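In: With the sequence up front, the predicted model follows.
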Amino acid sequence: MSKAITPRTRKVRVLATLGPASNTPEMIEALYRAGADAFRLNMSHGDQAGKLPVIAAIRALEKKYHRPTTILADLQGPKLRVGKFTDGTVTLATGSRFVLDRSPEPGDATRVELPHREIFAAVQTNARLLLDDGKLVLRVVEHDADRIVTTVEVGGKLSDNKGLNVPDVVVPVPALTEKDRRDLDWAVQAGVDWIALSFVQRPEDLMEARTLIGGKAALLAKIEKPAAIDRLEEIVEQCDGVMVARGDLGVELPPQSVPPLQKRIIEVSRRLGRPVIVATQMLESMITSPSPTRAEVSDVATAIYDGADAIMLSAESAAGDWPVEAVAMMNAIGDAVERDPGHGDRIHFTVTKPDPTTADALAEAAKTIAETASASAIVCYTTSGSTARRIARERPGVPILVLTPSTVTARRLGLLWGTHAVFTRDVESFEEMVAKARRMALRHKIARAGDRIIVLAGVPFKTPGSTNVLHVVRLTGDELKGFGG
């Protein structure tokens, strides 16, 4: 027996990462019921075959709850690592000299292999090299094609294959590795809705992924490299969505630099009409604790007040002891922030001027009319999702009911602020457009009898990109008669 349709009033989306703690059908459903709007598959862990049952379990929720489900596959990206040591670990003393070279011989406290030719060509004197998530800091004093000589500025223990970050240099490493290409091809064939690309440094990094995806999924750029900030607007223009990946940003930049950058990335993404996700360590303590710290709750709330489309859980839901509780907490924070009377004013600190198009003008007008006429919802018809994105960019104070004949579009909208997507056949006349909008608003409990709703569509119908109609109607409550209630 299918469940009743109970749309969420919360506008910010919750993206939950699945992993060992949460990849069974029972746990996936529990996360969904607790508030997860979309699910992330981390391609850095596990194998492709093991993720197929997970995808099937997510899709099964569509039939049970009558709502499209959203799946994001997050590619691993290139991982820069040092080689191995004779004894497995060494201690680098602050002030000592340490060499990175291309010899495959096991290293010691004076040298180790760096198996990445590109870094030798790109590195510059005085650049920093960060080891083991920034725990150790090296400063380049000289370099050539085979050796990088450094001074240890912050020492400590270093073991085999630890990660290396090069924050001061644009490293000419492709954003897609061979593993990423295999994972991308698999993910597209498996029907995921979004592909997240790691290690994006410049807009050109997105081109190969866009070609390989071939329009079969939306492309999300993870902003985790300082080099990406220098060309942020170009990168955002070239992708379909953005993730503020605060993990690597916090390694390669001073921690105090990350909050202003988070706000800037959200502002640029919103202004350009791309959904933006804030990620990493949002409820980190809930990996082992059933409740978060007050600082973590404030961090999540800040992202919501800034107008982020989605907030993401990583290890909290993938490998933690309290995955359902972590999702429920995200849901509760979102509800509490959006009930704040000042929330509407705060999320409009970002000015989103409409482009000089009819569709943008109507989206802005829909928001204004909803406020002035006290409408309960905005209903839009869309094939590609562009109308929904335009309306969501305005951050109206009412829900956005999206009616689309495309399951692909309905699923991709799971990361878009304020939207409730419904897969339904297209309409063929103005009268049918109005009647269906009324009926769907009542059926999906977006509005009630006596409420006004605003309807946006395009004439001629079934023509993508033709949004040119705005219509305000009042619901009578009789719309469901003859349609099974």
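Out: Right, received. Where do you want to start?
In: Just the CA atoms of stretch 398-414, as CSV, please.
Out: Taking C-alpha atoms only, stretch 398-414 is exported to CSV below (Å, rounded to 0.1, in the frame of the first residue of the first chain):
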residue,chain,number,x,y,z
VAL,A,398,5.5,30.4,-0.8
PRO,A,399,6.1,26.8,-2.1
ILE,A,400,6.9,26.2,-5.8
LEU,A,401,4.8,23.4,-7.3
VAL,A,402,6.6,22.2,-10.4
LEU,A,403,4.6,20.2,-13.0
THR,A,404,6.7,18.5,-15.6
PRO,A,405,6.3,15.7,-18.1
SER,A,406,10.0,14.8,-17.7
THR,A,407,11.0,12.4,-14.9
VAL,A,408,14.6,13.5,-15.5
THR,A,409,13.7,17.1,-14.8
ALA,A,410,11.6,16.2,-11.8
ARG,A,411,14.4,14.2,-10.2
ARG,A,412,17.1,16.9,-10.8
LEU,A,413,14.9,19.5,-9.1
GLY,A,414,15.5,17.7,-5.7
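In: So for it, what gets flagged as buried?
Out: Neighbour-count burial for stretch 398-414 flags 398-404, 406, 408-414 (criterion: 16 or more other C-beta atoms under 10 Å). Every C-beta, even on glycine, is put in place using the N, C-alpha and C of the backbone.
In: Out of these, which sit inside strands?
Out: If you go by DSSP state E, those have 400, 401, 402, 403, 404 in strands.
In: what bridges to the second one?
Out: To tie it back to what came earlier, the one meant is residue 401. For residue 401, the beta-bridge partners are residue 379, residue 420 (DSSP bridges).
In: Ramachandran coordinates for the closest residue to residue 225 other than its chain neighbours?
Out: The spatially closest residue to residue 225, leaving aside those adjacent along the chain, is residue 201, at 5.0 Å (C-beta to C-beta, 6 or more residues apart in numbering). In terms of degrees, to the nearest 10, the main-chain angles of residue 201 are phi -120, psi -20.
In: swap in residue 474?
Out: phi -110, psi 140.
In: and the gap between it and residue 398?
Out: Distance, residue 474 to residue 398, by C-beta to C-beta, to the nearest Å: 15 Å.
In: Let me see the domain layout of the protein.
Out: 13-77+175-342, 89-165, 358-474 (automatic domain parsing).
In: The ones you listed: which one's closest to residue 348?
Out: domain 358-474 (6.3 Å; C-beta to C-beta).
In: for that closest one, what is the average pLDDT?
Out: The pLDDT scores in domain 358-474 average 91.
In: picking up where we left off before, for the domains of the chain, give me a markdown table that also has distance to residue 352.
Out: Converted to a markdown table, the domains of the chain look like this (distance: least, C-beta to C-beta, whole Å):
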| stretch | distance to residue 352 |
| --- | --- |
| domain 13-77+175-342 | 6 |
| domain 89-165 | 34 |
| domain 358-474 | 5 |
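In: which stretches of the stretch 201-350 of the chain form strands?
Out: With strands called from DSSP state E, counting those that start in this stretch, the stretch 201-350 of the chain shows them at 218-223, 241-245, 276-279, 310-313.
In: can you list those strands in CSV and add mean pLDDT, mean neighbour count and distance to residue 437?
Out: Converted to CSV, those look like this (pLDDT from 0 to 100; neighbours: other C-beta atoms under 10 Å; distance: least, C-beta to C-beta, whole Å):
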stretch, mean pLDDT, mean neighbour count, distance to residue 437
strand 218-223, 98, 25, 26
strand 241-245, 97, 27, 27
strand 276-279, 98, 26, 28
strand 310-313, 98, 27, 26
